[in-house]
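Colleague: any chance you could fold what I've pasted below:
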Amino acid sequence: MLSLRNYSVICILSFFVFSCKKDGSSEVTVDTVKSNLNNGLTKTWTLSKLYVNGTQTTLTAGQARYTKTYKADNTWLDSDGYLGTYALTNPQSLSEITTNYPGGARTITYAIKASTATSLDVEYTQGSTIYRLVFTL
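Modeller: Modelled structure (predicted):
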């Protein structure tokens, strides 16, 4: 049987355990993601990993050289010669409009899986294929 003293100790410990903030509790904002994306000016990212339907693929020589540059004015360009505009509708969503796509403008919306100052992890679905791209500096 619990004594009053033991019961009090349990209550106090429970209060501290449940009232403490957990690590990583800071909320990610659109401004934070945009800052990670372009560093306030321009930032060029290099493709470091590619997953197709959840399976990591070996990058070809061309894919390993693929870069994407994001600018603070909400424009982007890549090493394949495509360019356009982008918008962050929320911290988990990046929409890109390719303005020079053959046949007319094309929009891709990426789910942002992770965004830091040195890593960008995004995913999109085309048809029934899921592509996940991980970029680093």
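Colleague: residue 68 - nearest residue in space that isn't next to it in sequence?
Modeller: Ranked by CB to CB, 6 or more residues apart in numbering and with sequence neighbours excluded, the top spatial neighbour of residue 68 is residue 78, at 4.6 Å. (Each C-beta comes from the backbone N, C-alpha and C, glycine too.)
Colleague: who's in contact with the one you found?
Modeller: Residues near residue 78 by CB atoms under 8 Å, 6 or more residues apart in numbering: 66-69.
Colleague: put the buried members of the residues you listed into a ChimeraX selection.
Modeller: Only the buried entries of the contacts of residue 78 go into this ChimeraX selection, using 16 or more other CB atoms under 10 Å:
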select :66,68
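Colleague: who touches stretch 60-68?
Modeller: By CB under 8 Å, 6+ apart, stretch 60-68 touches 44-47, 50, 76-80, 135.
Colleague: picking that back up, closest one of the contacts of residue 78 to residue 107?
Modeller: The closest of these to residue 107 turns out to be residue 68 (CB to CB; 15.6 Å).
Colleague: which helix or strand contains that closest one?
Modeller: Following DSSP states H and E, one finds residue 68 within strand 67-71.
Colleague: parallel or antiparallel, list what pairs with that strand.
Modeller: strand 42-52 (antiparallel), strand 75-78 (antiparallel) (DSSP bridges).
Colleague: tell me how far it lies from the chain's centre.
Modeller: Centroid displacement of strand 67-71 relative to its chain, using CA atoms, centre = their mean, to the nearest Å, is 14 Å.
Colleague: from residue 59, how far out is the nearest residue to residue 71 once chain neighbours are set aside?
Modeller: Take residue 71 and drop its neighbours on the chain: the residue closest to it by CB to CB, 6+ apart is residue 42, 4.8 Å away. Using CB to CB, to the nearest Å, residue 42 is found at 24 Å from residue 59.
Colleague: and the strands in this structure, which stretches?
Modeller: Taking DSSP state E as the test, the strands found in the chain are 42-52, 55-57, 67-71, 75-78, 83-90, 93-98, 106-115, 119-126, 129-136.
Colleague: out of the ones you listed, nearest to residue 31?
Modeller: Proximity to residue 31 (CB to CB) singles out strand 83-90 among those, at 8.9 Å.
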